[in-house]
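*Asks:* 3D, please:
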Amino acid sequence: QLQLVESGGGLVQPGGSLRLSCAASKFTLDYYGIGWFRQAPGKEREGLSCMSNGGSSIVYADSVKGRFTISRDNAKNTMYLQMNSLEPEDTGVYYCAAGGLCVTQEDLLSEYTYWGQGTQVTVSS
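*Replies:* Numbering: from 1, shown residues only. Coordinates of the predicted model:
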């Protein structure tokens, strides 16, 4: 079964950092556009960042630009989201996804084919 398995969430203090990982199983991640999304309590899902297949295009939402970094390791078939300078507003369930477009910020709203199970990130003192 094709799947994405996330890890790395947790509780962190404001100003701290976390790195989320998302390992792909039974498909080659490099062939697909990838993205990270967040759903905060009581809010709609928000696209945070995406990377095109091959990595030629990277997009960030304004809310995380300069603080978050998306990457992938093709040898490990894994994608990452490095999150720095975390704020309480970053609290939510984070999801990785594969199979969508990534050219402009509008593509953070595009449909993705494969989704991770989600991991909770809580930023609190």
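
*Asks:* switch to C-alpha atoms for all contacts and neighbour counts from now on
*Replies:* Will do.

*Asks:* From residue 83, how far out is residue 65?
*Replies:* In this structure, residue 65 and residue 83 are 10 Å apart, going by C-alpha to C-alpha, to the nearest Å.

*Asks:* Show me what the most centrally placed residue in the chain bridges to in the sheet.
*Replies:* What sits nearest the mean C-alpha location of the chain, by C-alpha atoms, centre = their mean, is residue 36, with 2.2 Å. Legend: beta-bridge partners of residue 36 under DSSP bridges are residue 49, residue 96.

*Asks:* wait, what's in contact with it?
*Replies:* Residue 36 makes contact with 47-50, 81, 94-97, according to C-alpha atoms under 8 Å, 6 or more residues apart in numbering.

*Asks:* rewinding a little: quick one, which of residue 65 and residue 83 is more surrounded?
*Replies:* Remark: of residue 65 and residue 83, residue 83 carries more neighbours, 19 against 12, as counted by other C-alpha atoms under 10 Å.

*Asks:* Who does the more buried one form a beta bridge with?
*Replies:* Beta bridges link residue 83 to residue 18, residue 68, judged by DSSP bridges.

*Asks:* Please read off the pLDDT at it from the model.
*Replies:* Turning to residue 83, the model gives it a pLDDT of 98.

*Asks:* From residue 70, how far off is it?
*Replies:* 9 Å.

*Asks:* and what of residue 32?
*Replies:* Applying C-alpha to C-alpha, one obtains 14 Å for the distance of residue 32 from residue 70.

*Asks:* what do you get for residue 112?
*Replies:* In terms of C-alpha to C-alpha, residue 112 sits 16 Å off from residue 70.

*Asks:* who's more crowded, the two?
*Replies:* Using other C-alpha under 10 Å, the more surrounded residue of residue 112 and residue 70 is residue 70, with 21 against 17.

*Asks:* Tell me the span between the first and last residue of stretch 71-84.
*Replies:* Start-to-end, stretch 71-84 (C-alpha to C-alpha) is 14 Å.

*Asks:* buried residues in that stretch?
*Replies:* Neighbour-count burial for stretch 71-84 flags 71-72, 77-81, 83-84 (criterion: 16 or more other C-alpha atoms under 10 Å).

*Asks:* Show residues contacting it.
*Replies:* Counting by C-alpha under 8 Å, 6+ apart, 15-25, 28-30, 34, 36, 51, 67-70 sit against stretch 71-84.
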